[in-house]
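**Student:** model the structure of this input:
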Amino acid sequence: MDGEEPRGPVIDAGAELDPVHPRQPPRPRTPATGLTADQVAERVARGAVNDVPVRSSRSAVDIVRANVLTRFNAIIGVLWVIMLFVAPIQDSLFGFVILANTGIGIVQELRAKKTLDALAVIGEARPRVRRDGVAAAVSTSEIVLDDLVELGPGDKVVVDGEIAEADNLEIDESLLTGEADPVLKQPGDQVMSGSFVVAGGGAFTATKVGREAYAAQLAEEASRFTLVHSELRSGISTILKYVTWMMVPTSIGLIISQLVAKDTNLKDSVARTVGGIVPMIPEGLVLLTSVAFAIGVIRLGRKQCLVQELPAIEGLARVDVVCLDKTGTLTEGGMDVTELRPLGGTDQAHVRQVLGALGESDPRPNASMRAIIEAYPDSEEWRCTQSLPFSSARKYSGASFSEGNGQTSTWLLGAPDVLLPDGDPALAEIAVLDRQGLRVLLLAEAAEDLGASSPAEGAKPAALVVLEQRLRPDAADTLRYFADQNVAAKVISGDNAVAVGAVAGKLGMPGADRTVDARRLPAEKSAMGVEIDENAVFGRVSPQQKRDMVGVLQTRGHTVAMTGDGVNDVLALKDADIGVSMGSGSEATKAVAQIVLLNNSFATLPSVVAEGRRVIGNITRVATLFLTKTVYSVLLAILVVCSQVEYPFLPRHLTLLSTLTIGVPAFFLALAPNKERAQPHFVRRVMRYAIPAGLIAATATFCTYLLARSHYGGPAALDAETSAATLTLFLVAMWVLAIIARPYTWWRIGLVAAMGAGFLLVLVVPWLQDFFALKLVGVTMPWTAVAIAAGGAALLEFAWRVVGRRFPA
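**Tutor:** A predicted model of the protein is given here:
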């Protein structure tokens, strides 16, 4: 591999992007002291700043506006103002409940915003920029064109540039090119945003900032795509649309019936009309959905998981295929020496001594050399007289030593296929190790001096150093979790397919033996889809192929999650239904991913899935409660209009019922643990139960009301009729709650019992009877109300079982 050190990596970024390193016209060289304050101000004024695409959480104003300015809040607000003028304060309680709900929603979303904003600054790059001869850390967005940016070990290259100073500067470009070894950079070489320094130091002049930088181009293109889809939110929007359509004609009919047709007290008619309209509105459903998402964000934030789009919590719970990048996801950055194989009868103790001396001679060891240093510490008997640093062009490093016995020797360490001639017997042995997914380095004694034009020529093989990348300790458990949940895992890597398959096999991943070299994948989409479905490990995958593979899986009906940390994963991450980035990944991947694992722990993903299942399962339960109330409220209004009778309830009655059978229980049920597998068809799953439950509740209540009208007489009859109807409706609604709360746990039983006790308290405490205008009169009618409710409960149980069998979701 003779030849010049490459000036920069070559990237296959797809046809949409410009070449990575187009030839640039000569630029004026920035002095070693950096730009002056005036020069910086001039560049800021003309917009030559690093205005990269940024995704931020919603502002506090947006959160307040979204919670306050809603269609249903407007309707309820108008009705509340009317009730404050025409009825006692008890009949205006629903307005205070809405204020409390809105306040809770705002507080929880602001808490989530605070969590997101705090997590977003963790790991944010603050490069050191030299200006007026003084270096200072600045925000990435404050860098201007021609700035002199200093680099040191571990620093990210945040904009594209040209090396101005280099002191054995080695740049890791694996996030861009997939090349595992760092590249030694010299003044005049190009560097790109997305790479980082692994050894040495230096400085570079910013030649492309903002949207012109390569990583920013990818992020910008990706950001044009739509945000993650939420079936919950779109389903709730659909439900609310239908509810609005039902509300309008029903409310008009109720208004005409109560205010025009009935010759009763005007204020009482207004109150009962409002009492009929308010419960049609599922006002708490949107609130609880937002609160459930927000609390999920806060819970995951405690585990260093940054959720950049709230519905991503839901989305990850629905995925059935997860595409994994090997490096950084299944493996860590370090390596371990697993075997040392002497060749040609070389003494193993001598080989160990040579390796220890080589490690000591390297002031800036790469990952492979660090593993060797850890395995073979230096004996301090040898002294390095000359060294040759590793270069990705040479593929080996070397050093000359003065040994403790006065002898001298020169040794080389690097890629076997470079140091050995074709046909060497050792290559067959190395191929076997390659098939096991191991990395193999050859130690050879040089016949030439390190200053020679070809130091490797005539080198004598001494030993094979076998290294293994460190597997993430939590990766096997996480893969097992996905397998148990019937989520197919696909490893998509730029490395050798056989080697990647071996790593996956060590982690116990199903299908790890089914490996495919992506260069041989068919270009035709349907044929590619068959290959992807049938196999689990893909190597030598280009960035464009990653994107294509995600798209093909989606066209075959899969919901796809993609994990990645490299800039070349950006478009695939954004095309996936859910993109997951590691916190150590490039800024571009973190910018477009919906979920960022800031602790770089693959094991956090099951926690995200669990939160998603909690949100999906619990909101489905809660939505059934809210929409049962909407259905029975609409049907009661229709029955009242058709029968030309007074509406049976005042707002205070339905506020009490809603609080005890929906509001308080829904809050606890929405935030409870829930491990049920996520199911599709949210609207159908909710409405198939809410419609029959609402029909039964309304029918039972209206039957009690009609019987009470024929039973009671006199001026106080309406109050007695209302009380009997309220008892029936409460008992049927409580049975709906009891069904929704299944499977029972101690706290769910306690919750249902507490709600029942609350209603009983209202019935037996005199001042509460007066406050809520609830007083059961006589014995016959209250027990008739209970009997009708019992019949309704039996019908509910029967309907629940029939619906579950005949209308599966």
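**Student:** show me where the stretch 251-400 of the chain has its helices.
**Tutor:** 266-277, 283-301, 311-318, 348-361, 367-375 (DSSP state H, counting those that start in this stretch).
**Student:** who's in contact with the closest residue to residue 471 other than its chain neighbours?
**Tutor:** Excluding the flanking residues, the one nearest residue 471 by C-beta to C-beta, 6 or more residues apart in numbering is residue 331, at 5.7 Å. (Glycine included, C-beta is placed from N, CA and C.) Shown in contact with residue 331 (C-beta atoms under 8 Å, 6 or more residues apart in numbering): 469, 470, 471, 472, 475, 503.
**Student:** now residue 331: how far from residue 785?
**Tutor:** 67 Å (C-beta to C-beta, to the nearest Å).
**Student:** again, but for residue 138
**Tutor:** For residue 138 relative to residue 785 (C-beta to C-beta), the value is 73 Å.
**Student:** neighbour count: the two, which is higher?
**Tutor:** Using other C-beta atoms under 10 Å, the more surrounded residue of residue 138 and residue 785 is residue 785, with 27 against 17.
**Student:** on the three-state scheme, that one is what?
**Tutor:** Put simply, residue 785 is helix when judged by DSSP: H, G, I helix; E, B strand; the rest coil.
**Student:** I'd say it and residue 728 touch.
**Tutor:** Yes. Between residue 785 and residue 728 a contact is recorded at 4.5 Å, counting by C-beta atoms under 8 Å.
**Student:** circling back: want to try JSON lines for the contacts of residue 331, with secondary structure, pLDDT and neighbour count as columns?
**Tutor:** Converted to JSON lines, those look like this (DSSP: H, G, I helix; E, B strand; the rest coil; pLDDT from 0 to 100; neighbours: other C-beta atoms under 10 Å):
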{"residue": "469", "secondary structure": "strand", "pLDDT": "79", "neighbour count": "24"}
{"residue": "470", "secondary structure": "strand", "pLDDT": "77", "neighbour count": "14"}
{"residue": "471", "secondary structure": "strand", "pLDDT": "82", "neighbour count": "16"}
{"residue": "472", "secondary structure": "coil", "pLDDT": "82", "neighbour count": "19"}
{"residue": "475", "secondary structure": "helix", "pLDDT": "86", "neighbour count": "24"}
{"residue": "503", "secondary structure": "helix", "pLDDT": "84", "neighbour count": "25"}
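**Student:** of those, which pair is most distant in space?
**Tutor:** 469 and 475 (11.4 Å; C-beta to C-beta).
**Student:** ok, residue 689 to residue 800 distance?
**Tutor:** Residue 689 is 7 Å from residue 800, by C-beta to C-beta.
**Student:** also residue 719?
**Tutor:** Taken as C-beta to C-beta, the span from residue 719 to residue 800 is 34 Å.
**Student:** just confirm residue 757 is within a helix.
**Tutor:** Yes. Under three-state DSSP, residue 757 sits within a helix.
**Student:** how many other residues sit next to it?
**Tutor:** The burial count for residue 757: 10, using other C-beta under 10 Å.
**Student:** distance of it relative to residue 413?
**Tutor:** 77 Å.
**Student:** the residue nearest the centre of the chain: what's it in contact with?
**Tutor:** A centroid search over the chain (C-alpha atoms, centre = their mean) returns residue 595, at 2.9 Å, as the residue closest to the centre. Applying C-beta under 8 Å, 6+ apart to residue 595 gives the contacts 305, 306, 307, 308, 312, 316, 578, 579, 580, 581, 608.
**Student:** quick check, pLDDT for it.
**Tutor:** On pLDDT, residue 595 comes in at 85.
**Student:** which of the helices and strands in this protein ranks last by mean pLDDT?
**Tutor:** Every helix and strand of the chain was ranked by mean pLDDT, DSSP states H and E. The lowest is helix 214-223, at a mean of 50.
**Student:** partner residues bridging residue 561?
**Tutor:** When bridges are called by DSSP bridges, residue 561 pairs up with residue 322, residue 578.
**Student:** now residue 789: which helix or strand?
**Tutor:** Residue 789 is part of helix 780-806 when elements are defined by DSSP states H and E.
**Student:** quick one: list the elements packing against that helix.
**Tutor:** helix 682-711, helix 717-740 (3 or more C-beta pairs under 8 Å, 6 or more residues apart in numbering; DSSP states H and E).
**Student:** now the ones you listed as TSV including mean neighbour count, mean pLDDT and distance to residue 613?
**Tutor:** Compiled in TSV, those are given as follows (neighbours: other C-beta atoms under 10 Å; pLDDT from 0 to 100; distance: least, C-beta to C-beta, whole Å):
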stretch	mean neighbour count	mean pLDDT	distance to residue 613
helix 682-711	22	90	13
helix 717-740	24	91	17
